[in-house]
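Visitor: Turn this into a model:
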Amino acid sequence: MKQKIVVLMLLFIPFFDVQSAVKVLAFSGSTRTGSYNQSLIENAAEIARTSNAEVTVINLKDYEMPFYQAELESSQGMPRNALRFRQLMLDHNRIIIATPEYNGSLTAILKNALDWASRTEQAEFSNEAFKDKKFALMSASPGKGGGKRSVDHLAQVLASLGGKVVEDKVVVPQAYQAFDCNQNLKNDSTKKQLIQEIAELLR
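Guide: As a prediction, this is how the structure comes out:
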């Protein structure tokens, strides 16, 4: 996949390169095995790596945390996995998120992770993990809309926390036929859009 991505990048964005200081965190709002959005994240991460960015891909399945409640926070403190996730957000200066669409919005597990990331160990609000950071958002969905409503809602959430969301957002409709047997995007137009979105993220 890497060789084909390089060729596409040379065709579409001849001078696409970044400094190694750019650290990218990438994750999906789905923990399902075989998730289309996890496949989309892997494609986006490979593009960023090919551009010399340092990329960390995680799965929220490895950061299981209780749903945020003020009473739980005050009585038990910040859960260990919430601390780990928030620290990852703090340690990276670019974020890629692929969000499934559930009932026209983002998933509960994704929203919950972001809610915890907006808290501190002192049980106070803080947007430090979001403020002025660039976010690239995308979605893959079996439906014809490609998850656009979820992406738009997530963009609103991140903007309210001070994040800078890349304007162009890739949505992949009919995701069940969008990836090949190696989970690479099949459509060159979609690949081009993804390359352009990641290029904007890394600028």
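
Visitor: Now do the strands in this structure.
Guide: Remark: strands assigned in the chain by DSSP state E are 23-28, 54-57, 94-98, 134-140, 164-165, 170-172.

Visitor: now the ones you listed in CSV, with mean pLDDT, distance to residue 115 and mean neighbour count?
Guide: (Each C-beta comes from the backbone N, C-alpha and C, glycine too.) Compiled in CSV, these are given as follows (pLDDT from 0 to 100; distance: least, C-beta to C-beta, whole Å; neighbours: other C-beta atoms under 10 Å):
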stretch, mean pLDDT, distance to residue 115, mean neighbour count
strand 23-28, 99, 15, 24
strand 54-57, 98, 21, 17
strand 94-98, 99, 14, 26
strand 134-140, 99, 16, 26
strand 164-165, 99, 18, 18
strand 170-172, 98, 24, 25
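
Visitor: For those strands, could you give me a markdown table that also reports distance to residue 108?
Guide: A markdown table is the format used below for the strands of the chain (distance: least, C-beta to C-beta, whole Å):
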| stretch | distance to residue 108 |
| --- | --- |
| strand 23-28 | 14 |
| strand 54-57 | 21 |
| strand 94-98 | 15 |
| strand 134-140 | 16 |
| strand 164-165 | 21 |
| strand 170-172 | 20 |
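
Visitor: Out of those, the one nearest residue 39 is which?
Guide: When these are compared for distance to residue 39 using C-beta to C-beta, the nearest one is strand 134-140, at 7.1 Å.

Visitor: before we move on, the earlier item: for residue 109, find the nearest of the strands of the chain.
Guide: Closest approach to residue 109 among these (C-beta to C-beta): strand 23-28, 9.7 Å.

Visitor: circling back: out of the strands of the chain, which is closest to residue 154?
Guide: Nearest to residue 154, of all those, is strand 134-140, at 5.6 Å by C-beta to C-beta.

Visitor: quick one: which of the strands of the chain is nearest residue 36?
Guide: From the strands of the chain, taking C-beta to C-beta, the stretch that ends up closest is strand 134-140, at 3.8 Å.
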